[in-house]
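Undergrad: Show me the folded form of this:
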Amino acid sequence: MNTPVPQHAAVWFEIPVSDQARAKSFYSAVTGNPLQDEDGGPNPMARFAAAGEDSVAGHIYPGKPAAAGAGPTIHLAVDDVEAAMGRVTANGGQVVSPIISIPAGRFAYCLDPDGNSIGVFSA
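TA: Numbering: from 1, shown residues only. All right, here's what the predicted structure looks like:
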């Protein structure tokens, strides 16, 4: 049996946060794109901006974050890694690595105000 390779390995992500309003403000500032409140799911959520319906995206929701730095890392697209690192610290998060260059682009590991592990990535 051959299973077709999916277009995207990840299809959606959810980030649990302890304070929805604070997290929405943090992520909107860091990514430079406002998160939009959405209804229809089992929990209140705010969705990350994405180019279209077929784009991989995700949302924040009221939940219990893992211990600081212990959960999975979600890499988020930003305009400029250095600028995003400044927005992380200015909005209550923490930068935990220097900029790392890989063939696909550049990123830095960070923690949001709840300790969720994120990367700020620019191609």
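Undergrad: and the biggest helix by length in the chain, average pLDDT?
TA: Longest helix of the chain, by residue count under DSSP state H: helix 20-31. In this model, helix 20-31 has a mean pLDDT of 98.
Undergrad: same question, stretch 44-57
TA: The average of the pLDDT scores along stretch 44-57 is 91.
Undergrad: again with stretch 114-122
TA: The average pLDDT for stretch 114-122 rounds to 97.
Undergrad: Distance from it to the middle of the chain?
TA: From the chain centre to the centre of stretch 114-122 is a distance of 6 Å (CA atoms, centre = their mean, to the nearest Å).
Undergrad: Just the element for the residue nearest the centre of the chain, please.
TA: The chain has L76 as the residue nearest its centroid, 4.6 Å off, counting by CA atoms, centre = their mean. Here L76 is covered by strand 73-77, with elements defined by DSSP states H and E.
Undergrad: who does the longest helix of the chain touch, helix- and strand-wise?
TA: Packing contacts for helix 20-31, counted by 3 or more CB pairs under 8 Å, 6 or more residues apart in numbering; DSSP states H and E, involve strand 12-17, strand 45-47, strand 57-62, strand 73-77, helix 81-90. Every residue, glycine included, has its C-beta placed from N, CA and C.
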